[in-house]
Each structure stands twice: as structure tokens, then as C-alpha cells.
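Asks: sharing a model prediction with you, sequence too.
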Amino acid sequence: MCKIKQYTIWLCFLSLFLSLVEAQEQFYLPDLSLKRKIEIGDEQTTQYIPLLLTKRVAVVANQTSLIGTTHIVDSLLSLNINIKKIFAPEHGFRGDADAGEHVDNGVDAKTGLQIISLYGKHNKPSLADLKDIDIVVFDIQDVGARFYTYLSTMHYVMEACAENNIDFLILDRPNPNGFYVDGPVLEKKYSSFVGMHPVPIVYGMTMAEYARMINDEGWLKNKIHCKLNYIICKNYSHKDYYQLPVKPSPNLPTSTSIYLYPSLCLFEGTTISVGRGTIHPFEMYGSPSIQNSDFEFIPKGIEGVSKHPMYENLVCKGKYLGDFGQSFIRDSRHIQLCWLIDAYKNTEDKHSFFTNFFNQLAGNSMLKEQIIKGKTEDEIRASWQKDLMKFKSIRKKYLLYTDFE
């Protein structure tokens, strides 16, 4: 169980108050602990431009797909690469759509390229989408949590490429949560777009490593095999704490929120808010029905981030976690269940606490039942270990970088 001294909690309250007074966006800072420069896949143009020069290219991209400060689509066009179209994941090509929001197909105003949304009912490229394509380039920043839907987008694009004999190229990026593996392993019956594969919540792999696993474990439809290639990062290790230069989605604006996301996203399957509609989403939790709390927040509609957040304009009571998120997760290297257990204990209406979405996020029905029955965090964690060990042995086969173990 989490044990946080009282003075630490008061520091959290003080820090939140100061941040609200300042009302400023919190930007990323470089990870000063790294003495070497990590060179991500898309920066290594000499390695992959020769693969594209004579090809008709589609790019799977969003706002994170930058080479320095220039979008990869603009960079490739400047190098005379024949880009035919753009495929966009959840949140859209520019990353300004709310979670779960419908994203329409369209045309990129800057380049005039066709944009095809791969979120919602059309989550897999069709034969018509790929009829004039020789190779698909995937360049999107992941955050290393099973329910982050960019993984599912990659799966379906790989599957479509395999079915149509089209090359698939990943420009790899570090995983900011790549320094540990933890959480319950998903059971097949709970497979969905927020978790397709038998992996734990935190899997400790980059997208290229994960794609190798999808391919060789036979997870594509009919166990079909994708023509996979990738450009790996230089000077990266799973031991690194890598901080992102661009927020990967509207409600993960800080490194702290990214570190807390694997633990707090489980709240999305409950009646508890994770702070959407505040300037610190995924750094807090609460609801109007929580008791015994001095911390309060009021969700507000924010265009391009959370248009109509849960409990909009209502006072929510709960906890602010932002001040100790980074060091706490780094040191413990675990999914934290204490906050979920605490919220359940302190919610008046326990009967409606869990929604139908919870088991999909958890990847099983057991976690919900364990919390209802009053199991401790240590007891619940012990129930994961057998499946975790099995996954780790599978994971090891596909690693491309020095591991943390």
C-alpha cells in the first residue's frame, strides 16, 4: 500500500495552489540525467530515405511526428518523397481531438494531402485506402500503456499491409514508461481497441519491439505476417527515463501525467474523474461523491482538450498526485492500486462505482472483484505474477535495446 507522509500531502496542496495561481501550461524539461543524446528513428533520414525514394508512400502520423521541430510529412515532401496520403490515429492528425471524439477524414490545409482517420468505425485501412501505396511509414509517439490506442492503430495498419503485400516501416521512438513491466495481463475475452493483446498494462517495449512481437507471435488476423522494417533509436536504453518534447495527446501534457497514466487510466472505467477539464489531467482524481478529502477541483470544458469533461462545473473531492508522481513511479516501478482502492472505499455509492468499461481497461474481471472484496494491493499484485513472468519471457525475444533488468 502507498504510504505518504502528511507533510508530503500538504506540499502537494501548496504546489497545486501555486500552479493554479500561475495558470500556465507545464512544459517538458530535458532529462538532465542523460549524458548522451538519444537519436530517434525519424531523425536518421540517411537510413530510410533510400527505402522511400521510388515508392508511393503513406504516413501514419500525428502532432508528435516531428524531426526536430519540423513535421515528418513536411520533411519528406522537401526531400521529394512521393507521399500519397496521411493516416491519422485517435486525436487526429494535429492531435487536437478529445479522447473518443469522432475524427473525420479531410485534407491537410498545409500540404493538400488526403487525411484518412483510423479511429472509430474505420480503424483499419481498406483495400481502397491502400490501392496506390507501396510502403506505409509509422512515426507516432507511444507512452507504453496497453490501453493507449496508438498500439491498436499500429496493429490494424500492420494487418492491412500484410493482407495487401505492402511494406511497413516503423521509425522508432523511446518509451517514456519503458523502464518497468507491471500490471495484469489481458485475457483474450476482454480484447478491444483499448487492449488487443495478452500483455500487461505496462509492457516496457518500444513500438518497433512491440511490432516484432505482434508479427512473430501470430497476433495478426489469420496469423498473417507483415513485411516489417524499422529504424531503431541510437543511444537509447530501457534503463533511461526519457521525457517527451511534445505532448502525445491532449490530456497527457506533462511527464508526470505520463508516468501516472498507467495507474490512473483505470479510473476511466469508474465514476471517478482523473482531472480532465483541469490544467493537470491525470495528476489527480476525485468526484462529488468522495468523502474524507480536503482537496477539491472543478472540471471545466476546454476546447481541444476536454470539451465536456466528467462532472463539468461540479466540485470534485479527491487527491492531487502531481508533486510526487515522477519520483514515486520511478522508484517503485509498479502500477499503483492504492488510489483506486482508496477511492472505492471513500465513495458513497459503491454499487455504481465501476462501469462496464472497467474490465476492458483492466483486461480481466478479477481486478474489479478483488477490489470489491477488500483485497490489499499486495494481494492483488501477487495474483499477477505468474502471467507477468510468462509475458517477460516472451518480451525478451523481441527487445532491440539494453534492458533494465
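Replies: That came through fine.

Asks: and the strands in this protein?
Replies: Assigned by DSSP state E, the strands in the chain fall at 56-61, 66-67, 70-71, 82-88, 106-107, 114-117, 135-139, 167-171, 228-231, 284-287, 295-297, 316-320.

Asks: surely residue 118 meets residue 86?
Replies: No. Using Cβ atoms under 8 Å, residue 118 is not in contact with residue 86, being 10.2 Å away. C-beta: built from backbone N, CA, C; applies to glycine.

Asks: quickly list what's touching both of those two.
Replies: residue 60 (Cβ atoms under 8 Å, 6 or more residues apart in numbering).

Asks: where does pLDDT dip in the stretch 1-150 of the chain?
Replies: 1-35, 91-92, 94-104 (pLDDT under 70).

Asks: next one, pLDDT for the nearest residue to residue 130 once chain neighbours are set aside please.
Replies: Nearest residue to residue 130 in three dimensions, chain neighbours excluded: residue 164, at 5.1 Å (Cβ to Cβ, 6 or more residues apart in numbering). We have a pLDDT of 97 for residue 164.

Asks: from residue 55, how far out is residue 164?
Replies: Distance of residue 164 to residue 55, given as Cβ to Cβ, to the nearest Å: 14 Å.

Asks: repeat for residue 383
Replies: 48 Å.

Asks: of those two, give the one with the bigger neighbour count.
Replies: residue 55 (19 against 14; other Cβ atoms under 10 Å).

Asks: list the residues that contact the more buried one.
Replies: When contacts are counted by Cβ under 8 Å, 6+ apart, residue 55 touches 82, 134, 135, 167.

Asks: and the residues you listed, which are buried?
Replies: 134, 135, 167 (16 or more other Cβ atoms under 10 Å).

Asks: helices along the stretch 151-300 of the chain, start to end?
Replies: With DSSP state H, counting those that start in this stretch as the criterion, the stretch 151-300 of the chain has helices at 207-216, 255-264.

Asks: and if you look at the stretch 301-405 of the chain?
Replies: According to DSSP H, counting those that start in this stretch, the helices that the stretch 301-405 of the chain contains are 325-332, 338-345, 358-362, 366-372, 377-382, 385-395.

Asks: quick check: mean pLDDT of the second one?
Replies: Right, the one you point to is helix 338-345. 96.

Asks: try the fourth one
Replies: For helix 366-372, the mean per-residue pLDDT is 98.

Asks: list the buried ones in that helix?
Replies: Taking 16+ other Cβ under 10 Å as the criterion, helix 366-372 shows 366, 367, 368, 370, 371 as buried.

Asks: out of these, who's nearest residue 174?
Replies: residue 367 (28.7 Å; Cβ to Cβ).

Asks: with adjacent residues omitted, what lies nearest to the closest one?
Replies: residue 184 (5.9 Å).

Asks: that neighbour and residue 347, how far apart?
Replies: Distance of residue 184 to residue 347, computed by Cβ to Cβ: 22 Å.

Asks: what of residue 69?
Replies: From residue 69 to residue 347 the distance is 45 Å (Cβ to Cβ).

Asks: okay, these two: which has more neighbours?
Replies: Counted by other Cβ under 10 Å, residue 69 and residue 347 do not tie: residue 347 has more neighbours, with 19 against 7.

Asks: the more buried one reaches residue 287, doesn't it?
Replies: Yes. Using Cβ under 8 Å, residue 347 is in contact with residue 287, at 6.9 Å.

Asks: now the common contact residues for these two.
Replies: Joint contacts of residue 347 and residue 287 (Cβ under 8 Å, 6+ apart) are 271, 272.

Asks: which residues does the nearest residue to residue 83 once chain neighbours are set aside contact?
Replies: Nearest residue to residue 83 in three dimensions, chain neighbours excluded: residue 57, at 5.0 Å (Cβ to Cβ, 6+ apart). Contacts here follow Cβ under 8 Å, 6+ apart; on that basis residue 57 touches 76, 81, 82, 83, 84, 133, 134, 135, 136, 137.

Asks: distance check, the closest residue to the second one other than its chain neighbours against residue 154.
Replies: When the adjacent residues along the chain are set aside, residue 81 lies closest to residue 52, with 5.0 Å between them (Cβ to Cβ, 6+ apart). Distance from residue 52 to residue 154, counting by Cβ to Cβ: 19 Å.
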